[in-house]
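Enquirer: Give me coordinates for this.
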Amino acid sequence: MNFNTILKTVLLVILSFALIFALAIFVLVSVVRNTTQQALQPVEQVRDAIATQSALLFNPTPTIVPDPVTIIYEIRSLARLETAQYSMEKIITAETGQNDLGFLFGDKLLFVAHGKVIAGVDLEKLKPEDLWVQNGILYVRLPEAEIFLTTLDNDLSYVYDRETGILRRGEIQLETLARQAAVREIEKSALADGILNWAQLNAESYLGRLFRSLGYADVIFIK
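Expert: Alright, predicted model coming up:
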């Protein structure tokens with residue numbers, strides 16, 4: 001073996017050891033870097049949390065609470081706030097000439113009435129002095145709930161039976177009178193069942209959420 005061959009062999013061995021050493025250094029550095037990042041990750045999370053809390057403390061998000069007198073005009077634009085609806089059925093008897101000669105001159109009908117009653121609060125009646133703020137609490141005096149509409153459903157209402165005397169033509173206005181009576185009775189039943197109280201409570205619940213969303217800490221409704 002000549003000198004050049006021996007020299008090449010020695011250089012090849014040295015180069016192989018150098019590559020192995022460099023690879024080992026690279027692997028070691030990668031392991032240390034990953035370990036350091038994992039170790040520092042909780043610290044960074046804590047640091048970020050402290051930074052966030054500090055930002056909230058020294059730079060809080062401003063809370064804008066509109067003046068009651070300002071918002072009252074927007075609330076009044078809702079006009080009639082419908083907050084309760086009753087649907088019911090009534091049987092109405094309408095009759096005329098029901099005496100001893102009713103079989104000759106009488107007229108009688110049974111009317112099945114389906115109707116609904118809608119109630120709520122008329123916000124047009126809300127005045128500026130009905131809203132005020134005291135100790136951060138918004139006080140509201142709402143108008144009293146009222147009946148907005150009582151109506152019959154003509155598709156579901158019908159004359160169930162009618163008896164007309166032998167010598168009498170049917171009373172033209174009898175069904176009309178029965179319908180009018182049905183409207184009164186349906187509204188009376190809704191009032192007896194407490195529709196106005198229900199409408200008032202629903203209005204307070206809805207407006208309470210609305211006022212709180214505007215930034216008021218609490219809302220109290222008074223009579």
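Enquirer: Only C-alpha atoms from now on, for both contacts and neighbour counts.
Expert: Fine.
Enquirer: For the residue nearest to Ala203 when sequence neighbours are not counted, list the residues it contacts.
Expert: Using C-alpha to C-alpha, 6 or more residues apart in numbering and skipping residues adjacent in sequence, the residue nearest Ala203 is Thr83, 6.0 Å away. Each residue near Thr83 by C-alpha atoms under 8 Å, 6 or more residues apart in numbering is listed here: 118-121, 198-200, 202-203.
Enquirer: Next: Ala203.
Expert: Counted by C-alpha under 8 Å, 6+ apart, Ala203 has contacts 81, 83, 120-121.
Enquirer: Does Leu126 touch Pro143 like I think?
Expert: Yes: counting by C-alpha atoms under 8 Å, Leu126 touches Pro143, with 6.4 Å between them.
Enquirer: which residues are in contact with both of these two?
Expert: Joint contacts of Leu126 and Pro143 (C-alpha under 8 Å, 6+ apart) do not exist.
Enquirer: can you pull out the strands in this protein?
Expert: 80-96, 107-122, 131-134, 137-140, 146-152, 158-164, 218-221 (DSSP state E).
Enquirer: How are the helices of the protein distributed by residue range?
Expert: Listed in chain order, the helices of the chain (DSSP state H) span residues 3-58, 68-76, 102-105, 174-192, 195-213.
Enquirer: Can you give me the buried ones in the last one?
Expert: Neighbour-count burial for helix 195-213, with 16 or more other C-alpha atoms under 10 Å as criterion, is recorded at 195-204, 207-208, 211.
Enquirer: which ones are touching the closest residue to Lys116 other than its chain neighbours?
Expert: Distance criterion C-alpha to C-alpha, 6+ apart; nearest residue to Lys116, sequence neighbours excluded, is Ser87 at 4.2 Å. Contact partners of Ser87, counting by C-alpha under 8 Å, 6+ apart, are 114-117.
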